[in-house]
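Colleague: sequence and predicted structure are below.
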Amino acid sequence: MPVLSSTAAWAVLLVAGLCEIAWAIGLKYTEGFTRLIPSAWTLAAMAASVILLAWSLKTLPVGTAYAVWTGVGAVGTAILGMLLFNESREVARLVCIGLIVAGILGLKLVTK
């Protein structure tokens with residue numbers, strides 16, 4: 001894989017984070033990896049997420065990229081948990097999610 005420009009590396013990192021959301025939500029549907037199709041999709045999303053993260057690391061600092069990757073995954077998974085599984089939407093939880101988003105944006109702004 002070629003080295004990416006900074007903009008491309010951030011885009012790849014975002015897609016890696018989206019894949020992380022997919023596998024985290026997918027775990028719920030695998031029922032402990034007892035269902036074949038959801039398990040296959042979840043494993044594919046896991047692999048894609050890690051491969052794309054690794055590719056973005058050719059350009060981005062590891063600490064920043066890892067924090068953003070996990071942050072995107074955490075925020076997306078929490079939001080989808082609320083939408084798909086009727087998880088808590090209490091204000092304190094939403095504020096904490098907002099703080100994670102602020103951290104992701106802050107890391108993007110201070111990283112070239």
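Modeller: Received, thanks.

Colleague: what about W69, distance to V12?
Modeller: From W69 across to V12, the span is 10 Å (C-beta to C-beta, to the nearest Å). For glycine as for every other residue, the C-beta is placed from the backbone atoms N, C-alpha and C.

Colleague: and the residue of the chain positioned farthest from its centre, which of the three is it?
Modeller: Ranked by distance from the centre of the chain (C-alpha atoms, centre = their mean), the top residue is T34, with 24.0 Å. Classification of T34 using DSSP: H, G, I helix; E, B strand; the rest coil returns coil.

Colleague: now it: how far from L27?
Modeller: Using C-beta to C-beta, one gets 12 Å for the distance from T34 to L27.

Colleague: quick one, what contacts G103?
Modeller: Each residue near G103 by C-beta atoms under 8 Å, 6 or more residues apart in numbering is listed here: A67, G71.

Colleague: in which helix or strand does it reside?
Modeller: Element membership for G103, per DSSP states H and E: helix 91-110.

Colleague: flag every buried residue along that helix.
Modeller: In terms of neighbour count (16 or more other C-beta atoms under 10 Å), helix 91-110 has its buried residues at I97, I100, I104, L107.

Colleague: how far does it sit from the chain's center?
Modeller: Offset of helix 91-110 from its chain centre (C-alpha atoms, centre = their mean, to the nearest Å): 14 Å.

Colleague: show me where the protein has helices.
Modeller: Assigned by DSSP state H, the helices in the chain fall at 6-30, 36-56, 62-85, 91-110.

Colleague: any chance of these in JSON lines, with mean pLDDT too?
Modeller: Formatted as JSON lines, those follow (pLDDT from 0 to 100):
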{"stretch": "helix 6-30", "mean pLDDT": "97"}
{"stretch": "helix 36-56", "mean pLDDT": "98"}
{"stretch": "helix 62-85", "mean pLDDT": "97"}
{"stretch": "helix 91-110", "mean pLDDT": "96"}
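
Colleague: count of neighbours near I25?
Modeller: I25: 18 surrounding residues under other C-beta atoms under 10 Å.

Colleague: isn't it right up against A78?
Modeller: No: the criterion here is C-beta atoms under 8 Å, and I25 misses it with A78 at 10.6 Å.
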